[in-house]
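Engineer: Sequence and computational prediction follow.
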Amino acid sequence: MQQERMKVVRQAQIAKNIYEITLRGQIVQDMSPGQFVHIRVTDALEPLLRRPISIANVNKELSEFTMIYRAEGRGTQVLATKREEDQVDVLGPIGNGFPLDAVKAGDTALLVGGGIGVPPLYELSKQLNAKGVKTIHVMGFQTAEVCFYENEFLALGETQYVTVDGTHRHTGFVTDVLNKFQPEFDVFYSCGPMPMLRALEAYYPDKPGYLSFEERMGCGIGACFACVCDTTDQDERDYVKVCSDGPVFPKGTVAL
């Protein structure tokens, strides 16, 4: 993990309150799918805390990486004002990321995302494809106006989008799509809200899987205990910290 002032290459709004920003810097060389960075959006005292944002796309040849985030609080609203050549204070990469060695060439991986949990699955799918793994994507959103990256995922493999209100593609939740299509796969990877992760873990009790958790964070390095989650094996360990122990955990590790 390093701290670097990275340069903004470009930024654009890609859906309602959803922004895509690309930064350039040397810490890109250490990034893996599923990791995140901690962003300080201004040198002013307010907002004080850094913002954790997942890594959506990595280009090591250009030393660039892309984040996709929702501008809803003070920090991310300030980030949304950044333009080309501006600088952003970045701490990272942080976390363990998704294990690529859980599958081998010829296997099939199911990637399930929800809302702003979708972005880290894009870089994961790219890297799985590169090692000869087939990827199936099921992505859930609240409504059509907040959907993004459908064409990007389609370019990597079979893709299904679902919205709660039925305004884009399928209607309902990701589990409704899984129940309808019954995809065959060897392992699943998922990132999204806790209710979705809970439902997915219950839906596939006999399949190996890896879950990436979205929790509020203070420090991002394991010191403040703001992102603590209970474990399922209290005899082994009472809790885990999403920032330093995760954000990715094998299915069944965290009490959902």
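Structural biologist: Structure's in. What do you need? Numbers count the residues shown, from 1 in each chain.
Engineer: Mind listing the strands the top strand by length along the chain pairs with, and their directions?
Structural biologist: Scanning the chain for the longest strand, with DSSP state E as the assignment, gives strand 2-15. Paired strands of strand 2-15, with direction, are strand 18-24 (antiparallel), strand 87-94 (antiparallel) (DSSP bridges).
Engineer: Which one of the ones you listed lies nearest to R5?
Structural biologist: Comparison of these against R5 by CB to CB identifies strand 87-94 as nearest, at 4.7 Å. C-betas here are computed from N, CA, C, even on glycine.
Engineer: that older thread, can you redo the strands paired with strand 2-15 as TSV with mean pLDDT, mean neighbour count and distance to P33?
Structural biologist: Below are these laid out as TSV (pLDDT from 0 to 100; neighbours: other CB atoms under 10 Å; distance: least, CB to CB, whole Å):
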stretch	mean pLDDT	mean neighbour count	distance to P33
strand 18-24	99	21	16
strand 87-94	97	20	10
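Engineer: Which residues does the closest residue in space to D238 that isn't next to it in sequence form beta bridges with?
Structural biologist: Excluding its sequence neighbours, the residue lying closest to D238 (CB to CB, 6 or more residues apart in numbering) is T231, at 6.5 Å. Here T231 sits in beta bridges with V254, going by DSSP bridges.
Engineer: quick revisit: turn the strands paired with strand 2-15 into TSV, including distance to G209.
Structural biologist: Formatted as TSV, the strands paired with strand 2-15 follow (distance: least, CB to CB, whole Å):
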stretch	distance to G209
strand 18-24	26
strand 87-94	22
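Engineer: so which of these gets nearest G34?
Structural biologist: strand 87-94 (9.6 Å).
Engineer: do you know which of the strands paired with strand 2-15 lies nearest S54?
Structural biologist: strand 87-94 (10.2 Å).
Engineer: Now the element after that closest one, going C-ward?
Structural biologist: strand 108-114 (DSSP states H and E).
Engineer: ok, and what's touching that following strand?
Structural biologist: 103, 119, 121, 124-125, 128, 133-141, 174, 178, 183-193, 196, 200 (CB atoms under 8 Å, 6 or more residues apart in numbering).
Engineer: returning to what we had before: list the contacts for the residue nearest to D238?
Structural biologist: So T231 contacts 237-240, 253-255 (CB under 8 Å, 6+ apart).
Engineer: residue contacts, the residue nearest to the spatial centre of the chain?
Structural biologist: Nearest to the mean C-alpha position of the chain, counting by CA atoms, centre = their mean, stands P120 at 3.2 Å. Going by CB under 8 Å, 6+ apart, P120 touches 33-34, 36, 54-56, 98, 191, 212.
Engineer: and it, what helix or strand is that in?
Structural biologist: Counting by DSSP H and E, P120 is part of helix 119-130.
Engineer: Thanks a lot, see you next time.
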